[in-house]
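# Show me how the following folds:
(one chain, ligands or ions: 1)
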Amino acid sequence: MADTLTVTDSRTGKQYVLPIEDGTIRAMDLRQIKKDGEDFGLMSYDPAFTNTAACRSRVTFIDGDKGVLMYRGYPIEQLAEHSDFLETAYLILFGELPQQKQYDDWARQITLHTMLHTNIAKLMEGFRHDAHPMGMFISTMGALSTFYPDAKEIFSEESRRLQTVRLIAKVPSISAYAFRHSIGRPFNQPDNDLSYAGNFLNMLFRMTELKFNAHPVLERALDVLFILHADHEQNCSTSVMRAIGSSHADPYSAIAGAAAALYGPLHGGANEAVLRMLHEIGSMQNVPAFIKRVKAGEGRLMGFGHRVYKSYDPRAKIIKRIADLVFDVTGKNPLLDMALELERIALEDEYFVSRKLYPNVDFYSGLIYQAMGFPVDMFPVLFAIPRTAGWIAQWEEMLTDPDQKIARPRQIYVGPTQRPYVSKEKRR
Ligand code: ACO
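Below is the predicted model of the structure:
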């Protein structure tokens, strides 16, 4: 017998039997529960969607209590160990790990699309010298839709595939241009002999040398960080991607919106916020006083806590290991000791333990980025590059899902009831 939930409406005494499928009831099944014929029907109230599944997805699985993260069934630890970002992006986008020929074709297509139209470069030059690179990233993403009007053909599989390649190929170029603009240096052209991460580092840091080769440890570290950030199921920015995509906007416009959601300090801006927090704390002796302030509700311990993970974020574990490898090359980030001390105290403190607050992916990633030479305001951009793969995969899944429609939540209206218009002279 199928699982069901029986609900008795105390207002009418009527009973309703709601089917349970995959551990959920359908919210629309509640609508039949009415006080009387006039009644609209019952709705569920779920601000911030903390207990609402808005889709079925095959992309990413998370078990927040056990600290498990898998892309298409592959554990994140194995991908971080054996895969590279382009392969992981392929997996996330198309559902399977590529065979060698598929991988070679994919990597070749990406390299064919790394260059930016010169008018995009001109557009980016128009920003003020101190423009935040994430603001430039968001705006340029939106502008890309005007360069590729064919992207509006969202129901053409061929067009979606082309936009996917363009997006994965161009996000590092746009990000590197934003960085070069902010430091007043000319844009570097992509070098297609290099790996995805290696080319990105080339576009960021090449000066007058004819060939730029990044330190292999740093190149691999960045690639693994890209793998770790490639998707994270229905987070804030991905939900925005799906919501904008549900109105059938083109993928560039949808990614501009998703990236804007990622910009906030509670989401992709958190690693930037972690670094600012560490600078603000200033020294080891101020750590206990800072923790005290957090516990008193005067601010948060940035890089701690997660809506889904109620144990150690598996990505944070991998990042902590990478940090050691990176610091062997770059020298230790002086803020590291303070971060370790904050973590040590928080993991023993009743306040954090009882709320299941553990370091998340952003607690250590900023320290690595800073040691690699990235300014703090590039951090959210470094998140947006790999997350583009996840956004596109989730967008495509939404578009091809017959259950999906334009996203349109309901509300409980709590404003004034009807009242007559009052002219200005008579207003009190
Ligand atoms: N520092 C101190 N207290 C915290 C923190 C924190 N970082 N995070 C949560 N809490 C406390 C809250 O005050 C609350 O306590 P209360 O029950 O006494 O009121 C309790 O823990 C639950 O917090 P919520 O805000 O309900 O948890 P939610 O799931 O809504 O928030 C979030 C998750 C936004 C990530 C939160 O933990 C936070 O703000 N963390 C800091 C920012 C951060 O690191 N964001 C990155 C997230 S990962 C990512 O986006 C890639």
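# Do you know the pLDDT at the closest residue to residue 385 other than its chain neighbours?
Nearest residue to residue 385, sequence neighbours excluded (Cβ to Cβ, 6 or more residues apart in numbering): residue 171, at 4.8 Å. Bear in mind the C-beta positions are built from the backbone N, C-alpha and C, glycine included. Note on residue 171: pLDDT of 98.
# and residue 171, how many neighbours?
25 (other Cβ atoms under 10 Å).
# Run a quick neighbour tally on residue 394.
When neighbours are counted by other Cβ under 10 Å, residue 394 registers 26.
# Contact residues of the stretch 301-428 of the chain facing the ligand?
Within the stretch 301-428 of the chain, the positions near the ligand by Cβ under 6 Å from any ligand atom are 301-307, 355, 357, 360-362.
# Out of the residues you listed, which is nearest to the ligand?
Nearest to the ligand, judged by Cβ to the nearest ligand atom, of these is residue 305 at 2.4 Å.
# Tell me the confidence at residue 270?
At residue 270, pLDDT is 84.
# now residue 25, nearest residue through space, not along the chain?
residue 18 (4.8 Å).
# Check residue 189 too.
Residue 189's closest residue in space is residue 115 (Cβ to Cβ, 6+ apart), at 7.0 Å.
# for residue 377, same thing?
residue 132 (5.3 Å).
# do the same with residue 257
residue 244 (4.5 Å).
# Go ahead and list the helix or strand containing that neighbour.
In the assignment (DSSP states H and E), residue 244 maps to helix 236-245.
# repeat for residue 120
helix 118-125.
# which strands and helices sit next to the following helix or strand past that helix?
Per DSSP H and E, the first helix or strand lying C-terminal to helix 118-125 is helix 133-147. Here helix 133-147 touches helix 118-125, helix 157-182, helix 251-263, helix 379-399, going by 3 or more Cβ pairs under 8 Å, 6 or more residues apart in numbering; DSSP states H and E.
# of all these, which lies closest to residue 271?
For residue 271, the closest of the helices and strands packed on helix 133-147 is helix 379-399, at 4.6 Å, according to Cβ to Cβ.
# how far out from the middle of the chain is that closest one?
Here the centre of helix 379-399 is set off from its chain's centre by 7 Å, with Cα atoms, centre = their mean, to the nearest Å.
# any idea of the mean pLDDT for it?
Helix 379-399 carries an average pLDDT of 97.
# how far off helix 236-245 does it point, in degrees?
Counting by axes from the mean of the first three to the mean of the last three Cα atoms, to 10 degrees, helix 379-399 points 50 degrees away from the direction of helix 236-245.
# residues of stretch 342-350 that come out buried?
Applying a neighbour-count criterion of 16 or more other Cβ atoms under 10 Å, one finds 342-343, 346, 349 buried in stretch 342-350.
# mean confidence for it?
93.
# quick one: contacts of that stretch?
Contact with stretch 342-350 is made by 281, 287-288, 290-291, 295, 301, 304, 352-353, 357-359, 363, as judged by Cβ atoms under 8 Å, 6 or more residues apart in numbering.
# So for stretch 169-188, what gets flagged as buried?
Of the residues in stretch 169-188, 169-182, 187-188 count as buried by neighbour count, 16+ other Cβ under 10 Å.
# Also stretch 28-42?
Counting neighbours by 16+ other Cβ under 10 Å, stretch 28-42 gives 29, 33, 42 as buried.
# Give me the distance between the two termini of that stretch.
Start and end residues of stretch 28-42 are separated by 9 Å (Cα to Cα, to the nearest Å).
# what's the answer for stretch 47-56, then?
Stretch 47-56 has its terminal residues 20 Å apart, counting by Cα to Cα.
# you'd agree residue 102 is up against residue 90?
Yes. Contact criterion Cβ atoms under 8 Å: residue 102 and residue 90 qualify, at 7.3 Å.
# More neighbours: the two, which one.
Neighbours per residue (other Cβ under 10 Å) separate residue 102 from residue 90, with residue 90 holding more: 22 against 14.
# Check the gap between the nearest residue to residue 238 once chain neighbours are set aside and residue 139 for me.
Residue nearest to residue 238 in three dimensions, not counting chain neighbours: residue 394, with 5.1 Å by Cβ to Cβ, 6+ apart. Noted for residue 394: a distance of 22 Å to residue 139, by Cβ to Cβ, to the nearest Å.
# what does stretch 4-11 rub up against?
For stretch 4-11, the external contacting residues (Cβ under 8 Å, 6+ apart) are 14-20, 25, 33, 35.
# hmm, 7 Å instead?
15-20, 25, 33, 35 (Cβ atoms under 7 Å, 6 or more residues apart in numbering).
# From those residues, which shows the smallest pLDDT?
residue 35 (95).
# Surely it is within a strand?
No. Counting by DSSP: H, G, I helix; E, B strand; the rest coil, residue 35 is not found in a strand; it is coil.
# got a list of what it touches?
By Cβ under 7 Å, 6+ apart, the contact set of residue 35 is 11-12.
# quick one: it from residue 45, how far?
For residue 35, the distance to residue 45 - Cβ to Cβ - is 17 Å.
# Repeat that for residue 414.
Residue 414 is 11 Å from residue 45, by Cβ to Cβ.
# And residue 363, by the same measure?
Using Cβ to Cβ, residue 363 is found at 33 Å from residue 45.
# Including distance to residue 121, could the buried residues of stretch 28-42 go into a markdown table?
As requested, these are exported to a markdown table (distance: Cβ to Cβ, whole Å):
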| residue | distance to residue 121 |
| --- | --- |
| 29 | 53 |
| 33 | 58 |
| 42 | 55 |
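# Of these, just say which sits nearest to residue 74.
For these, the nearest to residue 74 is residue 29 (34.7 Å; Cβ to Cβ).
# my guess is the closest one contacts residue 18, does it?
Yes. Counting by Cβ atoms under 7 Å, residue 29 touches residue 18, with 4.7 Å between them.
# tally of neighbours for residue 109?
By the measure other Cβ under 10 Å, the count of residues near residue 109 is 16.
# Quick check: closest non-adjacent residue to it.
Nearest to residue 109 is residue 165, by Cβ to Cβ, 6+ apart, at 5.0 Å.
# Near residue 306, how many other residues are there?
Every residue meeting other Cβ under 10 Å relative to residue 306 is counted, giving 23.
# Not counting sequence-adjacent ones, nearest residue to it?
Among residues not flanking residue 306 along the chain, residue 360 sits closest, at 4.7 Å (Cβ to Cβ, 6+ apart).
# likewise residue 320?
Nearest to residue 320 is residue 364, by Cβ to Cβ, 6+ apart, at 5.5 Å.
# just checking, that neighbour touches residue 315?
No. In this structure residue 364 lies outside contact range of residue 315 using Cβ under 7 Å: 9.5 Å.
# In the helix holding residue 244, which residues are buried?
Buried residues in helix 236-245, counting neighbours by 16+ other Cβ under 10 Å, are found at 236-245.
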